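[1] just the structure for this:
(4 chains, ligands or ions: 4)
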Amino acid sequence: MVSKSRLHVPKTPARPGDQPDFSYLRLSPAGKTPRPDSTAPASEIRYLSEGLVRVLDDAHQAVGPWHPHLDAKDLQVGLRHMLLTRVFDDRMQRIQRSGKISFYMRSMGEEAISVAMGMALRPTDMAFPSYRNQALYFVRGRPVVDLMCQLLSNTRDMCKGRQLPVMYQWREGRIFSISGNLATQFPQAVGWAMAAAIKGTDDVAVSWLGDGSSAEADFHHALLFASVYQAPVILNVVNNQWAISTFQGFAGGEHQTFAARGPGFGIAGVRVDGNDFLAVHAVTQWAAERARLGRGPTLIEHVTYRAAAHSTSDDPSRYRPKDDYERFPLGDPVERLKQHLIRLNEWSEERHAALIAELEEHVAASWKEAVSYGTLSDGPRLDPRLMFEDVFKDMPAHLARQEAELRAELEQK
Amino acid sequence: MVSKSRLHVPKTPARPGDQPDFSYLRLSPAGKTPRPDSTAPASEIRYLSEGLVRVLDDAHQAVGPWHPHLDAKDLQVGLRHMLLTRVFDDRMQRIQRSGKISFYMRSMGEEAISVAMGMALRPTDMAFPSYRNQALYFVRGRPVVDLMCQLLSNTRDMCKGRQLPVMYQWREGRIFSISGNLATQFPQAVGWAMAAAIKGTDDVAVSWLGDGSSAEADFHHALLFASVYQAPVILNVVNNQWAISTFQGFAGGEHQTFAARGPGFGIAGVRVDGNDFLAVHAVTQWAAERARLGRGPTLIEHVTYRAAAHSTSDDPSRYRPKDDYERFPLGDPVERLKQHLIRLNEWSEERHAALIAELEEHVAASWKEAVSYGTLSDGPRLDPRLMFEDVFKDMPAHLARQEAELRAELEQK
Amino acid sequence: MPQMNMIQALNSAMDVMLGRDPSVVIMGEDVGYFGGVFRCTEGLQRKYGEHRVLDTPIAEGGIVATAIGMAVNGLRPVAEIQFADYIYPAYDQIVSELARIRHRSGGEFSAPVVVRTPCGGGIRGGQTHSQSPEALFAHICGIKVVMPSNPYDAKGLLITAIEDDDPVIFFEPKRIYNGPFDGDPHKPAVPWSTHPKGEVPDGHYTVPIGKAEVARQGSELTIVTYGTMVHVSEAAARGLGLDAEIIDVRTMVPLDTDAICGSVARTGRCVIVHEATRFGGFGAELSATIQEQCFWNLQAPILRVAGWDTPYPHAFEWEYFPGQARVARALKAVMEAA
Amino acid sequence: MPQMNMIQALNSAMDVMLGRDPSVVIMGEDVGYFGGVFRCTEGLQRKYGEHRVLDTPIAEGGIVATAIGMAVNGLRPVAEIQFADYIYPAYDQIVSELARIRHRSGGEFSAPVVVRTPCGGGIRGGQTHSQSPEALFAHICGIKVVMPSNPYDAKGLLITAIEDDDPVIFFEPKRIYNGPFDGDPHKPAVPWSTHPKGEVPDGHYTVPIGKAEVARQGSELTIVTYGTMVHVSEAAARGLGLDAEIIDVRTMVPLDTDAICGSVARTGRCVIVHEATRFGGFGAELSATIQEQCFWNLQAPILRVAGWDTPYPHAFEWEYFPGQARVARALKAVMEAA
Ligand SMILES: Cc1ncc(C[n+]2csc(CCOP(=O)(O)OP(=O)(O)O)c2C)c(N)n1
Ligand SMILES: Cc1ncc(C[n+]2csc(CCOP(=O)(O)OP(=O)(O)O)c2C)c(N)n1
Ligand SMILES: [Mg+2]
Ligand SMILES: [Mg+2]
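    Ligands and ions are numbered 1, 2, ... in the order given. Sure thing, here's the model as predicted:
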C-alpha cells in the first residue's frame, strides 16, 4: 500500500547534513516592484502579493519607488531598537540556560519587522502581537526591566505571575496580551479595528502571526471579517520559513505565497523583504494610510528567517542545516541597516561597537534591578493567592473558599 | 458615535419592495472563457476563478471550448434527474405543510449542480454533500421511497430515526452522512481524498457547501490541506446568493469571487454558471481528470440562485424581493436544458409534460409506499431504544442501564 | 404591567441597553435585517442602524473573536450563536481567550462580551438543534454561565449580563420561548401571558447573576433544576402531590451554593433535573457539591434526572426528553428511600 | 522484560501498530521528521515513510477533520494534538462529527480515529501548556476517553485504542512521561525503570478500555483517581500510614462503575483526586455516581481534591497543583468524619 502512495508531501529543501537551499524563494531585485497609490483597488495590485517589495539593494543603497526617505536619525533609532532587541534576546537566552528563567523565545533575524512597523505606526494604533514581536515594547518605550520582571514572574511582573515568560502585555502602550494559543489574536485585531471604525476614530489595528500559524482557522476568520467590513487593520504573516521543525511548505507556502491569501478575499496583499528595514517601514506606511483612508485591510507577508531556535526548548540542528541562516539570501536585518547607514556616512563600525557595549551594559544593569524584585526561586515573591484574582472582576464565593483553603495549606507548611 | 461610524457594511442589492438587482453579478457570454488543459498549473489559469464558464448561450445552443459534447441520451437522463428532484421537492414541501414530516429543504434552482456533477463523476468517487444535494441520490440510483422513509423517520429510515429530515446517507452509494453543522464535511472530504492517494487508488472525493458556509473555519482547513497534500478532491461552493436572510456579500462575496479563494492557496479555482448543465458537467470532468492525474484539487464556485425558501421554517418574502428569482440573469437550469434539448430536436413540450406526469405519479406512488412503513405520528414505528445503539459500536454498561430505564418508563405508560 | 414572551423580553433587554449605552452592539447570523431566526433581535437594526446591529458571516469562531476585539476596544458586544449546537467552532475563542484575558493580562485587559444562544430540545430539531451544552462552559473558569426559565428573569438577567464586566454565556431554552412547557407535548401550548413571570416591565431592571431563585417553596424534598426543566419539575411534583421546594439555579457560574444547599439541608432529600445528557453533565457538579455540604442531612441518595447519554434523536424526542414521568420516578424513589 | 518510560511505551505502541496494520497512519504537528516535541513519534517516519507518518499544518481542526475523512476511507489515523490546551480548535470536529458519525448515519459510517494529546501541569508550562480538559470530552457521548498513569498501561491502552472501532481521545499526563511523580518537585526525579509498570513488553499486547485498575489494595478508604494523581495519591496515603485502596480509573468513558463503586461500598469512605479544575470537573461525575450507588455505605462525605478553579499559573505552579498536602488533608477529613 505504502509504495503506491500518490499523496504529495511538501519537500523540505534542506535537512541536517544537506547544503542549505533557498532556490524555492521567489526573489526579485530591490527597487523593481512598483508602488501603487495606497487607495488602489485590491484587484489592481495583485502583483504586490506575489512580488517582493525591497528597498535596500545588494550595495546597501535605498532604491526604487518604495524608498521611504526617512531621516538618518530615524534610521539610527531603528538600528538602536533592533540592536537592543538582539542584545536583550541573547542575554535572556543565556539566563534561561542558567536556570533563572523557565523559558525564552528570541526574535533574532526578524527584528526589522517589529521595529520598522512599530515606528511607522502611530502610538494610538493597537498591536495584537505574537510572541516574537518583543521589539514593539522597546519602540513604544517600555523599560527593559519591565519585560525582565515578566520573564521572572517576580513581584513587578505585569502578568502577576500568571503567564509563561514572553507573554507580556501593556495596556497603556496599546499592546495586547499574548495567548499561548497560536493565531487567536488575528481576528481579535480585526474586531478591534471594526470597533475603531464604528467609533469613528482613525486608529488602526495591527496583528502578527507566523507562517505556521496561518494554518489556523483564526487566520481565515481574520481575513474574512476584515474583507466583509473593510476593517482598518494590518494583518502580518511573518514567514520565517519554519514552524518549530516544520518547513513553511506544510503551511501552504509551497504553491503560493502567504500574501496571496489576501487577493483571494479581495484584500490587498503585499510581500515584502522582512529583513529590509526600509521596505517594511514603507509598506507599513502604505497599509496604514490605506486603512486610515477607509480603503480597508492589508495582508503583509514578511519574508524572513528564524535565525535562532524556536524557543529555549528547541534544538534546530535536529531538523535543518546548521549554517542555513548564513546562506539566507535576504541577509541579516541589523547588518543591512547598519551597512546602509555607514554608506550614508551616518554610522560607523566604532559607533556600532559602542552602541552594542552601551546596550549590553544597560541590559545587564536592568537585569540586576529586575532580580532585586525577585526571581522564580529566590527573593521577594508575589502572593500565590493572586492566582484567585482577575479570574472574574470580583472574586466569587467559590474562589474565596479555595483561596482560604490555600491559605490554610500554606500556613501549615 | 453611531452617526460617525466608518465601518463598511456590505450592501444587499434588493430587499422586499425593491426592484431585483443583479448588476453586482460579474457575468460573461457563453463560450468566451478558454478551456486550459486539465494539467495546467494553477498559477496560469487564475482567469478561470474570476471569469464564468458557460456553455449554453441565450439561444440555448452549446458553444465554446467547454462544450462537453454529451449524447442527447445523457442530456435526457440529466433532465429527468433534475425534474425528478424538482417534483420530489415540491411534493415533500407540500407534505411538510400538511404536518406529515417535520422539516424539509428544497434545492430548486440548483438541480443542475448535483445532477451534472453526479453524472460526470464515477460511482466510486466519494460525495460529501450539503443538505441541498439530494439529486445525487437519484443520479446514483437510490429509490425515491428510501429518501421518503428518512424524511418520515419511519421503520425503514436509513438513519434509524435519529436525524432531522434531509440528513440522508448511503454507504453503498458512496454518499456521506450529513451534519447539521455547516461546512464540517469539507475538510473531511479532503482527508478522504488524502487516504485515496495514500492507498494509491484514483478515486476522487467531492464536497459541496454554500456561499454562507464558506465563512466557516472548515472551508479554510479544506483548502489548506488540499493544497499542501495536493489531494484529489473537488471542492464546490454553491453560491446561491443567500444564506437564509443574509446576502452573499456577508460571506465575503462582495469584493472577490468565492472561486478566487483557490488561487489564494495555489489551487485551481473555477467559476461556473451553475444553472448551465453542460458547463457544470464540463468543469467537473476537467476537475476530476485533474485530480486523477495527480494535479491536485479544484475549487469550483457555482453561480446559481436559491429559488425556494431556505427551508420549510423560512419565509424569504421577509428579506428579498418576491420576484427576485424570475429576474435572475442565469435563468432556471431545468428550463435551459429543456430548451437546449428542444433546440437539438431531442425533446418537446409534450414529452416534457409527459415526463413530469410520470414523475409525479412515481413520487405519489412512492409516498404511498413510504407511509406504509410508518410516519412520525402514525403506523409502525421504530423501537425508541434504537437511540442507544450506535453511540458506540458495542453498547457500554451505562447505556444499557439507561435503555432498561427507558423500557421501564415505556412499560409504565 | 406589559405581558411578554421570552423572545419579546430578550428583545426588550437589548432594546433598553442599545438605547442606554452607545457601546452596546448586537451581532450574529441573520440578527440584523431579518431580526434573527427566532426573532429575538427583530426591529433592532431598523431602530439602531446597521452599525450597531450587525449581520455577520457564518463563522461562530470569527463572531466571538471579533466580539472580543471589539470589547477590548471599549464596546459591549452581544453576540448571538444561532443554536447552542453551533457554538463549538467558537469554543477555542471562548475557552482560551474570552475566559482568560483578564487573568492572563494581570487585569489590564478584559472583554465584556455576552454570547446569547438558544439551547435545548423538544422542538423536533434532531441532534443538531437540541443540545444543552452548559456543562462544557461551567467547567471553564473565567466565564459566567446563565440560563433563565422565564421572561422576567430572561430580561433582567440579560441586562445584568450586558452590564457585567465579565464575559457571560447566556443560554436561552428555546422550548419555552413562547410559553412555559410542562413536558407534555400533547397538551395545547400555554402562552406566557398566563404565567406570573410573563409580566415584564418595559424599562430597565436587573436580576442578579449568581443568585438562584426558589421557584416554589416546599418542605418534603428539594428539586434543583433550571431552564425548561423548572416547569416540568413543578408539574411532576404537583402530579405526585409532593410539597417540593424547587430551586431554579438560573446561574451555573457563579453557583448559588448557599441557596441550594440551604434548601437541601432543610428537606434532606434532593433530585436534580436537567435536559442535557447525564454523564458529566452539570447535574454532576450540583450533586457533588450538595453531597459534600449536606451529607449529614441527607436522608436518601441524591438522584439525577437528565437526557440520556445519546444524541438527541429526531423520532424519539419524547422518549429522550426527561419528562414528567421520568422526574416523577426519581421523586418517588427519593421520597421512598429510607 | 524491557524497561520503557512512557514516551518509549507510546512510541512502541505506534511502532507495533504501524507494523501490523497498513491502514494505521500517524499525523500531527512536528510528528514526522522531528518525531514530535515530546519525541513520542521519534524514528517512526524514518521507519515507515512520510506517507504513513505525516507532518501536518498547524490547524488542529483540520487535523481532526482530515483524520475523520481518512478513517471513513478505511485508514486508522492516530492524530497528535501537540498539547491538550490546543485541542479546542478541533472541538467542533470532535464533538459534532467524530463522536456522532456512527449514530447519526444509522451505523453506516464510522471513524475510528485516535486523538493523542499530552495533558497536565507541573512542567512550568503556564496556563496554556498545563490543562487537563478530560471532563470536556467525557460529557460528549460517542467518544471513548482514556488516560493512562504508567508506561505499561500507556502502551496497552494505546494499542487497544488504535484497534478500537470507536474514536478515542487519549490523554497523556506529560508530567509522568519520564518517571512517576509523587507531587514533590524538590525531590530528585525518579525514572520509570524503578517502577514495576516501567516493565513493558516489546511486542503487541492490550490493556482493555473500560476497565479501572486497583493500583493499591486497601480497606480503610478508597481513592479514585487517574493519571499523575495516582502517584501523588499513593504517596499521600503512604505518608499518613493509611490503608487506602487506590483505583486508577484509566478510562473515563466508558467508566468502570462496578470497580469504583464496589470498592467504595467496601471501604465506606472516598476521596476523588484529579488535577483538572474542580468545578464541573470529572470528579463531579465520579462523586455523583458513587453517591448514587453507595449512599447507604458511605460513612463520610465524598471529598474532591482538584486543581483550583483558576488558570494554571506559571509562578504558583506548586501552590496550584493538588499535591500531597492537599490530598492528605482530604484523606484525614474523610477518615475523621463520623
Ligand atoms: C493552537 C496551537 N497549536 C500548537 C501550538 C504549539 N506551537 C507553539 S509555536 C508553534 C510553531 C509556530 O510557528 P510559526 O507560526 O511559524 O511561528 P514562529 O515560531 O516561526 O515565529 C507551535 C506548533 C500552539 N502554541 N498553539
Ligand atoms: C455551524 C453552523 N452555524 C449555523 C447554522 C445555521 N444555518 C443553517 S443553514 C444556514 C445558512 C447556510 O447558507 P449557505 O451556506 O449559503 O447554504 P444554502 O442554505 O444557501 O444552501 C445557517 C446559518 C448551522 N447549521 N451550522
Ligand atoms: Mg514560522
Ligand atoms: Mg447560500
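
[2] check which helix or strand the residue of chain C positioned farthest from its centre maps to.
    Within chain C, C:Ala338 marks the point farthest from the mean C-alpha position, 33.8 Å out by CA atoms, centre = their mean. Per DSSP states H and E, C:Ala338 falls between elements, in no helix or strand.

[3] surely it is in contact with C:Arg269?
    No - judged on CB atoms under 8 Å, C:Ala338 makes no contact with C:Arg269 at a distance of 10.2 Å. C-beta here means a position set from N, CA and C on the backbone, and glycine is covered the same way.

[4] any shared contact partners between those two?
    C:Gln299, C:Ala300 (CB atoms under 8 Å, 6 or more residues apart in numbering or on different chains).

[5] before we move on, the earlier item: residues in contact with the residue farthest from the centre of chain C?
    The contact partners of C:Ala338, by CB under 8 Å, 6+ apart, come to C:Gln299, C:Ala300.

[6] could you check how far it is from ligand 1?
    From C:Ala338 across to ligand 1, the span is 53 Å (CB to the nearest ligand atom, to the nearest Å).

[7] tell me how far that residue lies from chain A.
    Distance of C:Ala338 to chain A, given as CB to the nearest CB, to the nearest Å: 32 Å.

[8] before we move on, what about C:Ile7?
    From C:Ile7 to chain A the distance is 26 Å (CB to the nearest CB).

[9] residues near that residue, how many?
    By other CB atoms under 10 Å in any protein chain shown, 23 other residues sit near C:Ile7.

[10] hmm, C:Arg39 and it touching each other?
    Yes - under the criterion of CB under 8 Å, C:Ile7 makes contact with C:Arg39 at 5.6 Å.

[11] just give me the neighbour total for whatever residue of chain A ends up closest to ligand 2.
    Ranked by CB to the nearest ligand atom, the top residue of chain A for proximity to ligand 2 is A:Ala217, at 12.3 Å. Per other CB under 10 Å, the neighbour tally for A:Ala217 reads 32.

[12] for A:Ala127, which non-adjacent residue is closest in space?
    Counting by CB to CB, 6 or more residues apart in numbering or on different chains, A:Ile175 is the residue found nearest to A:Ala127 once chain neighbours are left out, at 4.7 Å.

[13] quick check, pLDDT for the one you found.
    Reported pLDDT at A:Ile175 in the predicted model: 98.

[14] distance of it from A:Ala197?
    Computed with CB to CB, to the nearest Å, the distance linking A:Ile175 and A:Ala197 is 21 Å.

[15] so who does the residue of the stretch 151-300 of chain A found nearest chain C touch?
    Per CB to the nearest CB, A:Gly191 is where the stretch 151-300 of chain A lies closest to chain C, at 2.4 Å. With CB under 8 Å, 6+ apart as the criterion, the residues that contact A:Gly191 are A:Phe225, C:Ala65, C:Thr66, C:Ala67, C:Ile68, C:Gly69, C:Met70, C:Ala71, C:Val72, C:Asn73.

[16] where does the fifth one fall, helix, sheet strand or coil?
    I take that to be C:Ile68. Taking DSSP: H, G, I helix; E, B strand; the rest coil as the rule, one finds C:Ile68 in the helix state.

[17] show me what contacts it?
    C:Ile68 neighbours (CB under 8 Å, 6+ apart): A:Gln188, A:Gly191, C:Gln93, C:Glu97, C:Leu98, C:Ile101, C:Ala111, C:Val113.

[18] repeat for C:Ile143
    C:Ile94, C:Leu98, C:Ala99, C:Phe137, C:Asp166, C:Pro167, C:Val168, C:Ile169, C:Val253.

[19] tell me the residues of the stretch 1-150 of chain C that contact chain A?
    Residues of the stretch 1-150 of chain C lying close to chain A by CB under 8 Å from any CB of the partner chain are C:25, C:51-52, C:56-57, C:59, C:61-62, C:65-75, C:89, C:92-93, C:96-97, C:100-110, C:141-142, C:144.

[20] which one is A:Thr39 nearest to, not counting chain neighbours?
    Nearest residue to A:Thr39 in three dimensions, chain neighbours excluded: A:Arg295, at 5.2 Å (CB to CB, 6+ apart).

[21] typed the wrong thing, it's A:Ala215
    Here the residue nearest A:Ala215, using CB to CB, 6+ apart, is D:Pro57, at 3.6 Å.

[22] give me the number of residues near that neighbour?
    Here the number of neighbours of D:Pro57 (other CB under 10 Å) works out to 27.

[23] what's near enough to touch it?
    When contacts are counted by CB under 8 Å, 6+ apart, D:Pro57 touches A:Gly212, A:Ala215, A:Phe250, A:Ala251, A:Gly252, B:Leu224, B:Phe225, B:Val228, D:Glu29, D:Ile63.

[24] B:Arg46: which of those is nearest?
    The closest of these to B:Arg46 turns out to be A:Gly252 (CB to CB; 16.6 Å).

[25] surely that closest one and B:Gly264 touch.
    No - with contacts counted by CB under 8 Å, A:Gly252 stays clear of B:Gly264, the gap being 9.4 Å.

[26] so how far is C:Thr251 from the residue nearest to the spatial centre of chain C?
    In chain C, the C-alpha nearest the mean C-alpha coordinate belongs to C:Met147, at 1.6 Å (CA atoms, centre = their mean). For C:Met147, the distance to C:Thr251 equals 8 Å [CB to CB].

[27] repeat for C:Ile81
    Distance, C:Ile81 to C:Thr251, by CB to CB: 19 Å.

[28] likewise for A:Ser38?
    50 Å.

[29] more neighbours: which of those two?
    C:Thr251 (27 against 18).

[30] verify the stated contact: the more buried one with C:Lys144.
    Yes - between C:Thr251 and C:Lys144 there is a contact under CB under 8 Å: 6.9 Å.

[31] what is in contact with these two at once?
    C:Ile209, C:Gly210.

[32] where do the helices sit along the stretch 101-250 of chain C?
    Under the criterion DSSP state H, counting those that start in this stretch, the stretch 101-250 of chain C carries helices at the ranges C:101-104, C:135-138, C:151-163, C:228-240.

[33] ok, which of the ones you listed comes nearest D:Leu286?
    Smallest distance to D:Leu286 across the helices of the stretch 101-250 of chain C (CB to CB): 14.5 Å, for helix C:135-138.

[34] can you give me the buried ones in the closest one?
    Using 16 or more other CB atoms under 10 Å in any protein chain shown as the test for burial, helix C:135-138 gives C:Ala135, C:Leu136, C:Phe137, C:Ala138.

[35] quick one: that helix near chain B?
    No - Helix C:135-138 does not reach chain B (CB under 8 Å from any CB); its nearest approach is 15.1 Å.

[36] chain center to the longest helix seen in chain C: distance?
    Identified as the longest helix of chain C according to DSSP state H is helix C:6-20. Its chain's C-alpha centre and that of helix C:6-20 lie 17 Å apart, by CA atoms, centre = their mean, to the nearest Å.

[37] quick check: next helix or strand after that helix?
    Helices and strands here follow DSSP H and E; after helix C:6-20, the next one along the chain is strand C:24-28.

[38] angle of that next one against helix C:6-20?
    Here strand C:24-28 points in a direction 140 degrees away from that of helix C:6-20 (axes from the mean of the first three to the mean of the last three CA atoms, to 10 degrees).

[39] list the buried residues of strand C:24-28.
    Buried-residue list, strand C:24-28, by 16+ other CB under 10 Å: C:Val24, C:Val25, C:Ile26, C:Met27, C:Gly28.
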